[in-house]
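> what shape does this take:
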Amino acid sequence: MTLMTKLTDFPGIGAQRGKALEKLGLVTVGDLLAYCPRDYEDRTKKVKIEDILADEAVCVEAMVARPAKHAFLRKGLDMTRLEVVDESGQMTVTFFNQSYVKDALAVGATYLFYGKADMSGTQPALTNPSFESVKKPRFLGRIMPVYALTRGVSNNLLAGLALQSLDCAAKLTDRLPQTLREAHGLCALEQATRQIHFPEDMEAQAVAARRLLFEELFFLAIGLAFLKGRRDRAQAQRISACDAAAFEAVLPFSPTGAQQRVVREIIGDLQSGAPMNRLVQGDVGSGKTAVAAAAAFFTVRSGFQAALMAPTEILAEQHYRSLAKLLEPAGIATALLTGSTKAAAKRKIYAGLADGSIHFVIGTHALISEPVQFEKLALVITDEQHRFGVNQRAALLAKGEDGVHQPHALVMSATPIPRTLALIVYGDLDISVIDELPPGRTPVKTYLMTSRKRLELYQFIDRAIAGGRQAYLVCPMVEENETTAATAELKAVTSYADQVRAALPHRQIAVIHGKLKAQEKEAIMQAFAAGETHILVSTTVIEVGVDVPNATVMAVENAERFGLSQLHQLRGRVGRGGEQSHCFLISDSVNEDTRQRLKILRDTTDGFKISEEDLKLRGPGEFFGSRQHGLPAAGAALLAGDLRLMKEAQEAAHSLLRQDAALSQLEHGEILAHVKQLFGENAGIFN
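Down below sits the predicted model:
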């Protein structure tokens, strides 16, 4: 077996499973070894039945006492129940839709069971636990990796493949020189890879995670330094028509002091002759769109074109509506280009961009498609940058390069990031913060409640609708596990919507989720925005950007499963009009840390304070999530880490570049090759 061995060469991995694995980016053994677990289950500590506590994940060694009972509960649902015993007591074990266990678990045989315990009266019980024979344990009795999954790929399948692949860790090339590893107390890559997948203990996992996170941040810092160096050497078009008063004259409102300050910073960049590369951070509703409009206004008035790229069609269309309304009366021709744009309209837009008759285009990834050519693109705006990679931003910027000049780049984010962290992760960007909300915005009142109060919540929503308002109900998140995540999410949101319809049968209720096509989502959102539906039951697809000022109630089920920053984004969907808005966080968790975390959100609406707390609680890896904020890989960054390590990795990268700015020395060949691979679509940074 080699690092290039295909996963489809493993027994039991046919073409269908191979395709499912490929969705996760897993084609070879090397891909799998680089695919870090997102969590762990400690299955090493065995507990006696009499010592089991409710809501505790336990590993129990017990014997099957009597034959299993099997029953059909209703169509599509059956149950298998059995009693198991050890020397301290007995316990009920129940399986749903796993009828094979009645033959797999033999009476009189002893097994290891792992799962979350609950209490059936005074007796402990397990539901759908993992189990293995004590004679041949494979995953029980050890620390078990938990991976991010997709349809058709179970955690046991991935863990089994990883276990079989571990010996190939010895064949990995360690890209960090030994001197660097010794200077920063980092273990070798082989050890890190073995211990990240199947750690001996959580201390070994922490050592492995530190090494992998350091490496990832180190390479990110080098790539960003190359980007910044390229920018410092580059030229951009000087945008001369930067009259703030002329722009403010087209605004239907007076800008806040913070907006005026950020516009001044942008004007300084646009007039400098060097490419602007600025991040504008602002809390939900702080007025980032108006700031972007100012940059586009100045650019077009100077005879150039501008483009804005948004992560979703819904958000792109919303930006288009508000920006066209603002800028077209000032003589700026705007257009919308998304995947859903009809072919004839696309051809017209392509022609208008190529001949310069379209001044400002707003769109999705469709903007970086091959047919899009600009006459004089001088400004690229990306919204919700954490939804794009560094390379996607670069692909749009490349459309404005003319051999001499690079476009100006403005990046907007409504995810407030603590400044220290932003300086590291956005190492190639200058940072502006809009830290003031427009006047008249009433802070959203936030409440923490349990599901026992759900009936009262429905009554509150009903009264709000009677008063002409609308509501969002965010459905419980679905963990990716042995069942297929997408199907489970669909079932969860559908059954939840049925529950809401039963409680409020006289109200119009719509459902939106990730499995719908873009056009279906757009139609549902437009109907909601038009007031045709009263309640939108949704997964987190409404997290970013949707603007329905008439919606004044937000309720989030199982709020404990969300990060604080994500909850803050969800809450930002209400409070967008003049009316008092309300957000209900529903959680039955009795965990004190969880309750304290949710109380932070209840007690403040300051996104930066919330993000600071979120960062303290979860570390930067989880704070960003997969592929967030331009991180090129973010595999190890999903694990853990702290700001000290991020700074240490950044300082190590800058120290190396001071010694060898082009990484041309022989011993740095592996580092240069890997950075080129990570920033492959942005190869110009190495020239």
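
> contacts and neighbour counts: CA atoms only from here.
Fine.

> and residue 335, that's in a helix?
No - Residue 335: not assigned to a helix; according to DSSP: H, G, I helix; E, B strand; the rest coil it is strand.

> ok, it - contacts?
320, 349, 358, 360-362 (Cα atoms under 8 Å, 6 or more residues apart in numbering).

> mind running it again at 10 Å?
The neighbours of residue 335, taking Cα atoms under 10 Å, 6 or more residues apart in numbering as the test, are 307, 320-321, 323-324, 345-346, 348-349, 352-353, 358-363.

> count of residues packed around the residue nearest to residue 652 when sequence neighbours are not counted?
Closest residue to residue 652 apart from its sequence neighbours, by Cα to Cα, 6 or more residues apart in numbering: residue 218 at 7.1 Å. Residue 218 has 25 neighbours, counted by other Cα atoms under 10 Å.

> elements contacting the helix or strand hosting residue 218?
Element membership for residue 218, per DSSP states H and E: helix 202-233. The helices and strands touching helix 202-233, judged by 3 or more Cα pairs under 10 Å, 6 or more residues apart in numbering; DSSP states H and E, are strand 39-42, helix 178-183, helix 189-197, helix 390-398, helix 419-425, helix 643-659, helix 669-678.

> quick check, the residue nearest to residue 652 in contact with residue 650.
Yes - with contact defined as Cα atoms under 10 Å, residue 218 reaches residue 650; the gap is 5.8 Å.

> remind me which residues of this protein are low pLDDT?
Along the chain, the parts satisfying pLDDT under 70 run over 231-232, 384-393, 415-416, 418-428, 476-491, 540-546, 615-643, 680-687.

> and residue 190, how far from residue 209?
According to Cα to Cα, to the nearest Å, residue 190 and residue 209 sit 12 Å apart.

> and for those two, which residues touch both?
Jointly contacting residue 190 and residue 209 under the rule Cα under 10 Å, 6+ apart are residue 196.

> the two: who's more crowded?
Of the pair residue 190 and residue 209, residue 209 is the one with more neighbours under other Cα under 10 Å, namely 25 against 20.

> in the stretch 401-550 of the chain, which spans are helices?
Applying DSSP state H, counting those that start in this stretch to the stretch 401-550 of the chain gives helices spanning 419-425, 454-466, 485-503, 518-529.

> residue 502: neighbour count?
For residue 502, using other Cα under 10 Å, the count is 10.

> quick one: it and residue 458, what's the gap?
According to Cα to Cα, residue 502 and residue 458 sit 11 Å apart.

> equivalent analysis for residue 84, please.
Counting by Cα to Cα - residue 84 and residue 458 are separated by 42 Å.

> who's more crowded, the two?
Using other Cα under 10 Å, the more surrounded residue of residue 84 and residue 458 is residue 84, with 24 against 15.

> which ones are touching that one?
Applying Cα under 10 Å, 6+ apart to residue 84 gives the contacts 49, 60-66, 90-93, 107-111, 113, 125.

> just the buried members of those residues?
Buried members of these, counted by 16 or more other Cα atoms under 10 Å: 49, 60-65, 90-93, 107, 110-111, 113, 125.

> is it true that residue 87 touches residue 49?
Yes - using Cα under 10 Å, residue 87 is in contact with residue 49, at 8.4 Å.

> tell me, what's touching the two both at once?
Shared contacts of residue 87 and residue 49 (Cα under 10 Å, 6+ apart): residue 62.

> tell me which entries of the contacts of residue 84 lie within strands.
Counting by DSSP state E, the contacts of residue 84 place 60-64, 90-93, 110-111, 113, 125 in strands.

> between those residues, which is nearest residue 22?
Nearest to residue 22 among the ones in strands among the contacts of residue 84: residue 113, at 31.4 Å, using Cα to Cα.

> for the closest one, give its distance to residue 157.
Taken as Cα to Cα, the spacing of residue 113 relative to residue 157 amounts to 18 Å.

> now swap in residue 551 and tell me
Distance of residue 551 to residue 157, computed by Cα to Cα: 44 Å.

> the more surrounded of those two?
Counted by other Cα under 10 Å, residue 551 and residue 157 do not tie: residue 551 has more neighbours, with 28 against 15.

> correct me if wrong: the more buried one contacts residue 531.
Yes - counting by Cα under 10 Å, residue 551 does reach residue 531; the two are 9.1 Å apart.

> which helix or which strand is home to residue 321?
Element membership for residue 321 (DSSP H and E) is helix 313-327.

> same question for residue 280.
Using DSSP H and E, the element containing residue 280 is strand 277-282.

> neighbouring strands of that strand in the sheet, and parallel or not?
Strand 277-282 has the following sheet partners, assigned by DSSP bridges: strand 408-413 (parallel), strand 430-434 (parallel).

> could you dump the first one to PDB, C-alpha only?
This points to strand 408-413. What follows is strand 408-413, C-alpha atoms only, in PDB (Å, rounded to 0.1, in the frame of the first residue of the first chain):
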ATOM      1  CA  HIS A 408      -8.800  47.100  -6.000                       C
ATOM      2  CA  ALA A 409     -10.200  44.500  -3.600                       C
ATOM      3  CA  LEU A 410     -12.900  45.100  -0.900                       C
ATOM      4  CA  VAL A 411     -14.000  42.300   1.300                       C
ATOM      5  CA  MET A 412     -17.100  42.500   3.500                       C
ATOM      6  CA  SER A 413     -17.900  40.300   6.500                       C
END
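
> how far off centre is it?
Between the centre of strand 408-413 and the centre of its host chain there is 19 Å, according to Cα atoms, centre = their mean, to the nearest Å.

> nearest to residue 547, of the buried ones among the contacts of residue 84?
Comparing these against residue 547 with Cα to Cα places residue 125 closest, at 46.0 Å.

> what bridges to the residue lying closest to the closest one once chain neighbours are set aside?
Excluding its sequence neighbours, the residue lying closest to residue 125 (Cα to Cα, 6+ apart) is residue 92, at 4.8 Å. Residues in a beta bridge with residue 92, per DSSP bridges, are residue 83, residue 125.

> surely residue 92 is in contact with residue 124?
Yes - with contact defined as Cα under 10 Å, residue 92 counts as touching residue 124 (6.9 Å).

> still on that earlier bit, farthest pair in the ones in strands among the contacts of residue 84?
Across the ones in strands among the contacts of residue 84, the two lying at the largest distance from each other (Cα to Cα) are 110 and 125, at 16.9 Å.
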